[in-house]
Each structure stands twice: as structure tokens, then as C-alpha cells.
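Participant: next come a sequence and a model predicted from it.
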Amino acid sequence: MKPVAAKLLSSFLVAAGLLAVRPAIASTDYLARPDVRSFIDSMHEKHGIETSDLERIMGAVRVQPVVVRLTTPVPSSAPSPARSYSNYRAKFLTPELIAVGSQFWADNAEYLRRVELDYGVPPELILGILGVETRYGQNTGTFRAVDALATIAFDGARRQDFFRDELEQLLLLAREKRVDPLGIKGSYAGAVGLPQFMPSSYRRYAVDYDGDGVIDLRGSAADAIGSVANYMRKFGWIPGEPPKAPVRLLPGSEADLVSGLERVHDLLDVQGKGVVFSGREPPAGPISIFELPTPGMPSKFYAGFNNFEVVTRYNRSTFYASAVLELAEAIRKAYGQRDQAFAPVVSNAAVSGFGVIVEPTE
């Protein structure tokens, strides 16, 4: 177990430098901007942070043009490529990532066993999220979080209020952790650690799952595992329920039925409109119907249930949630094959962590 001081260093402290690999704009009059001054005054009044400390931090912010580019919507007049789920999933459903996920499971088996008992969240779901987010910690981001958040908050093209709130949460998080916010690294959107929590989620959902007294989402796999499980449970994950199911739609009914992320349909109503479900009996509650298109091929359609919506609370995308769930099942299968020689035979079929019957292959 690492000492507290070492954990803090591994989590947040970085070598000095101004991210030379990415051109940044150092604005000498940044502190003179009315919007920045208003933010500083608000932080001082609401949270009692010394103005001089806030001026030191905000005066050191380096505006990142690449962050503005990455977070600016493509103009509606620009041609957009055809949406392709097969191209999207190919980024994550690779033999390499599945093998890394299986090894991560083996390395953290104790915590993953315990987390399912504590939170009711299957290990493979956590591994699917960590794999898609950061490849199990291989890519947690190299931007200073304060630069990324301030760039979008004060110079971004959209959602400035949201990112200003996240900048506020970052400074509060740094105060709680007793670290310099200029040393916290993350993604171009300011997400931090193995699970890529935004600062508000870090403060609200992160847990000290290895019990060493420090919540460390960058250096502790156990804390990342427990924190993702806590996040899923808080958003309403129901143990044993399937997240989604393949469906067949009557030709021509797509426009009326496809609802994307929104669970606006009643089960009996869509069945009355000719929707046919595959697999287990669908769980109770409203459902969504979404499309996973592949150009040049027939689209696949799915019904999304409560647990699918929970996964989309991590990232509001049907592509994202579907890839997470597919990667999760692939890792579960790989891990089961890895340990099959050591596991007692219970039956000829197994129930996955998502409550889906998985028949053995020949």
C-alpha cells in the first residue's frame, strides 16, 4: 500500500512545464478580463478561497486552441460522414484491448469480486467503461485540467456555464486534496483519472475503495473500480436486468419508433406495433428503440432498458454504451476462458453479469 504522500504525488503532481507539445496562448491580460474577474470574485465569496490564490492559478492558465477546436461543433453546412457503428466499435473491440481487460480483471480480481457484492454492478461493465475511457489507464490525458476547463469556460463555443461550473469543482477538489490545481492532468475536456470523471463527478461519486485514506482515480485501480460502480448504482443500475435486446421492426416503422436515447415507449405498445424482441423477457419499465447503422448494410435495431440508460449517463451516446457493453461481454468471455481450467463445471450455460443467458460454444 502506498503512503498517502506518494499516492497524492502519483495522482496529481507532475513535472513543471507548459505543455510544449501543444501550442498554447499565454494571455498576459487574462486576469483583466471581466468574465475571469467575475469568476474569481464568485469563488472567493462562495467558498472563501483567497483572491491572491485564485489570481495565481487563473493568471497561469494557458488557453489551448486545440481544446477549442475539439469542442466546437462542426458547422451544419459542412458535409458529415455517414454514421457507422461498425467503424466506432472497431476502435475498442480489438484482441489487444480485450486481452488487456482480461489481465486487468486478473490483477484486480479481489476488488472486482467485492464490488459486485457491494454495489450490484458486474465486473465486466466496469471493465468495459475503463477500457473505452482510458484503455485501463494507458491514456488518462496530458492536458492541465485547469487549462482545458478554463479554455472552454471562457473561450469555448458552447456549454460555457457547464465548464465554468466544472472549473469551480476542480478548484474545490484541489483544495480538498491539498494539491496545486495546476498539477492536475486530464483530457481535453477536463476529465480525470482511469474512469475520466469530471471534477463534479469526482467529488460526488469517487470512493476510497482500497481503504488507504486517499481517493486516487489516477493511481489506484481499486479506487477507480469502486468509483465507477458507485456511479452506476447512484444512477440506478438494477442487478440482473439486461441493458438492451435486439429487436425487429416492421418495414417502414422506423421513423415512428426509433427514439435514440429517450425511453419514451411502452413495451406492450411497441409489441402491438409489430416490434419483436429477441432473448429474455424484457424487463418492466419504459424503453427506447435505437439504431446502430453501418453504411451499405442493413441497420441493427435494439431496445434500451433501464440499465442501458444508466450506461449512457456516463456518455450520452448509443454508440458509446453499445461498445462498452460489447467490450464488457468480450472481456468476460476471455476471462472465463482464461480461468476455465481452474473453475468447477456448474452447468452447460452461464448467466452473464447483465442477466443474459450465454450458451457455451462448441
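Facilitator: Here it is on my side, so go on.
Participant: quick one, what contacts the residue positioned nearest the centre of the chain?
Facilitator: When the chain is reduced to its mean C-alpha position, the nearest residue by Cα atoms, centre = their mean turns out to be Tyr314, at 4.5 Å. Shown in contact with Tyr314 (Cβ atoms under 8 Å, 6 or more residues apart in numbering): Ile129, Tyr231, Tyr320, Ala321, Val324. Every residue, glycine included, has its C-beta placed from N, CA and C.
Participant: could you give the number of residues near the residue nearest to Gln138 when sequence neighbours are not counted?
Facilitator: Excluding its sequence neighbours, the residue lying closest to Gln138 (Cβ to Cβ, 6 or more residues apart in numbering) is Val100, at 7.9 Å. Using other Cβ atoms under 10 Å, Val100 has 19 other residues around it.
Participant: beyond whatever helix or strand Val100 lives in, next helix or strand please.
Facilitator: Here Val100 sits within helix 95-107, counting by DSSP states H and E. Proceeding N to C from helix 95-107, the next assigned helix or strand is helix 109-119, under DSSP H and E.
Participant: what packs against that next one?
Facilitator: If contacts are counted by 3 or more Cβ pairs under 8 Å, 6 or more residues apart in numbering; DSSP states H and E, helix 109-119 sits against helix 123-134, helix 221-234.
Participant: of all the ones you listed, which one is nearest Asp41?
Facilitator: Set against Asp41 and scored by Cβ to Cβ, the helices and strands packed on helix 109-119 come closest in helix 221-234, at 32.6 Å.
Participant: on that earlier part again, rebuild the contacts of Tyr314 as CSV, extending it with pLDDT.
Facilitator: Shown next, in CSV, are the contacts of Tyr314 (pLDDT from 0 to 100):
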residue, pLDDT
Ile129, 98
Tyr231, 98
Tyr320, 98
Ala321, 98
Val324, 98
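Participant: can you list those residues in a markdown table and add distance to Ala222?
Facilitator: A markdown table is the format used below for the contacts of Tyr314 (distance: Cβ to Cβ, whole Å):
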| residue | distance to Ala222 |
| --- | --- |
| Ile129 | 15 |
| Tyr231 | 15 |
| Tyr320 | 25 |
| Ala321 | 25 |
| Val324 | 20 |
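Participant: quickly list the domain ranges of the chain.
Facilitator: Per the record, the chain has its domains at 1-74+141-189, 244-304, by automatic domain parsing.
Participant: now for those domains, which one comes closest to Glu116?
Facilitator: In terms of Cβ to Cβ, the element of the domains of the chain nearest to Glu116 is domain 244-304, at 19.0 Å.
Participant: how long is the closest one from one end to the other?
Facilitator: 4 Å (Cα to Cα, to the nearest Å).
Participant: give me the average confidence score over that domain.
Facilitator: Mean pLDDT, computed over domain 244-304, is 95.
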